[in-house]
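J.: Fold the following.
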Amino acid sequence: MAPWLLGLYGLAGIMGGLAALRTGIPAAPLAGALIGAALLSMSGRFETAQWPSGTRTILEIAIGTVIGTSLTSTAVAELKVLWRPALLITLTLVLTGVVVGLWCSRLLGIDPVVALLGAAPGGISGMSLVGAEFGVGAAVAALHAVRLITVLLVLPLIVRLVLPAGAAPPGG
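T.: Residues are numbered from 1 along each chain as shown. Okay, the predicted model is just below:
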C-alpha cells in the first residue's frame, strides 16, 4: 500500500477528530477520527487501508500506557474499600454483556462476535482493538460509540433525577 494513502487516511482521521472537538460531544476526538477515516474508506475512491505490521501493537501499547498512567497510588488505596463493589459491578456487567450479546445475535441476526464484543463493558478503544483481532473492529467501534455517547448524555440526567437537589453523591 502506498504511504501517501495511509497519510490520507491519517489526515481524514485527524480532520474528523478536530472537527468533532468543536461539537463538544463526548469522546469527540475518537468518534470524529473514526467517522473521518470511515467516510474516506466507505467512499470507494481508495483501497482499504492496510496498516504496516506492528501498527496495532504500537496502538495497544499506547492505549495501555494512557490507561496505566491514570492508575495512581490513591486509586489503589481506594480499592481497599471498593474491591467488593468493583467485583460485583464487573461480574454483573460481564454477565449482562454476555446475555445481551447472545440475545442480540440470535434476535437480530448479527455476528455473535460483534454482538458479544459490542455488548462488553469495556471502553471504545480497547474493545475496538480486541474486535480488530477478530476482524470486526469497525463494527465493535460503532456499537461502543453509540453506547458511550448515549451513556455520557443520559446518565448525568439520571443522576440529577435520582439524587435530591443539592445532595452530594456518597463519598463526595
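J.: so where's the longest helix in this structure?
T.: helix 73-108 (DSSP state H).
J.: and that one, which residues are buried?
T.: Within helix 73-108, the residues scored as buried using 16 or more other CB atoms under 10 Å are 97, 101, 104, 105. To be clear about C-beta, it is placed using only N, CA and C from the backbone, and glycine gets the same treatment.
J.: same check, this time on stretch 58-65
T.: Buried residues in stretch 58-65 (16+ other CB under 10 Å): residue 60.
J.: and what of stretch 1-11?
T.: 8, 9.
J.: Can you name every helix or strand that the longest helix of the chain contacts?
T.: helix 112-119 (3 or more CB pairs under 8 Å, 6 or more residues apart in numbering; DSSP states H and E).
J.: how does the protein divide into domains?
T.: The chain resolves into domains spanning 1-52, 55-172 when parsed by automatic domain parsing.
J.: Dump those into TSV; add mean pLDDT as well.
T.: Formatted as TSV, these follow (pLDDT from 0 to 100):
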stretch	mean pLDDT
domain 1-52	86
domain 55-172	87
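J.: rewinding a little: what about the longest helix of the chain, distance to the chain center?
T.: Computed by CA atoms, centre = their mean, to the nearest Å, the chain-centroid distance of helix 73-108 equals 15 Å.
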